[in-house]
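Q: Dropping a prediction and its sequence here:
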Amino acid sequence: MVAESELATGVLLFLPYRALENRVFAALAEAGFDDFTPAQARVMQRIGPNGTRLTELAEQAQVTKQTAGFLVDQLEKAGYVRRMPDPTDRRARLVCGAEKAWAAKEVADAVVADVEKEWEEHLGKRRMKQLREALTLLREITDPWPRPASNAVRRTAVAVRLRG
């Protein structure tokens with residue numbers, strides 16, 4: 001067995017995420033949203049408020065376009081998404097969240113808030129804030145979908161606080 005101090009950082013990041021995910025799925029099932037899989041959820045959680053093209057969903061979920069299409073088909077049959085014409089390109093279609101998806105999101109968001117509160121109680125406010133700041137900085141070099149440039153000033157302030 002590997003000592004706690006020897007666990008890879010990736011494993012240390014994965015363990016709390018998996019615990020959070022398990023709590024979310026349990027709460028969703030209890031609330032009656034038990035008809036989608038984690039793979040479908042990974043696609044569904046990437047749908048923007050105004051819809052997202054299938055090719056973008058596939059890229060962000062890191063699956064083939066065919067796989068994303070299959071998962072979206074299943075989500076559509078279950079009533080979580082609908083396909084709509086893209087107003088910016090008549091040839092394209094957007095995958096949009098349906099009312100059922102937004103209702104499930106409310107349940108999931110409440111669980112995430114509860115878990116984050118528990119983590120803050122365990123770590124303390126200062127350490128939780130530092131954790132979020134450090135993970136936000138890591139996002140700059142790990143997230144292939146960049147955030148708006150307006151966050152540059154905030155990122156610099158966070159970096160200075162972490163180094164200082």
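A: Structure received.
Q: immediately after the longest helix seen in the chain, which helix or strand?
A: Assignment by DSSP state H gives helix 99-123 as the longest helix of the chain. Per DSSP states H and E, helix 99-123 leads on to helix 125-142 as the next helix or strand towards the C-terminus.
Q: the inter-axis angle of that next one versus helix 99-123?
A: Relative orientation of helix 125-142 and helix 99-123, computed by axes from the mean of the first three to the mean of the last three C-alpha atoms, to 10 degrees: 130 degrees.
Q: Keeping just the C-alphas, turn helix 125-142 into PDB.
A: Taking C-alpha atoms only, helix 125-142 is exported to PDB below (Å, rounded to 0.1, in the frame of the first residue of the first chain):
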ATOM      1  CA  LYS A 125     -11.900  29.000   5.300                       C
ATOM      2  CA  ARG A 126      -8.300  30.000   4.600                       C
ATOM      3  CA  ARG A 127      -7.200  26.700   3.300                       C
ATOM      4  CA  MET A 128     -10.400  26.200   1.200                       C
ATOM      5  CA  LYS A 129      -9.800  29.600  -0.400                       C
ATOM      6  CA  GLN A 130      -6.100  28.700  -1.100                       C
ATOM      7  CA  LEU A 131      -7.300  25.400  -2.600                       C
ATOM      8  CA  ARG A 132      -9.700  27.100  -5.000                       C
ATOM      9  CA  GLU A 133      -7.100  29.700  -5.900                       C
ATOM     10  CA  ALA A 134      -4.400  27.100  -6.600                       C
ATOM     11  CA  LEU A 135      -6.900  25.000  -8.700                       C
ATOM     12  CA  THR A 136      -7.900  28.200 -10.600                       C
ATOM     13  CA  LEU A 137      -4.300  28.900 -11.400                       C
ATOM     14  CA  LEU A 138      -3.800  25.300 -12.600                       C
ATOM     15  CA  ARG A 139      -6.700  25.700 -14.800                       C
ATOM     16  CA  GLU A 140      -4.700  28.300 -16.800                       C
ATOM     17  CA  ILE A 141      -2.400  25.500 -18.000                       C
ATOM     18  CA  THR A 142      -4.700  22.500 -18.000                       C
END
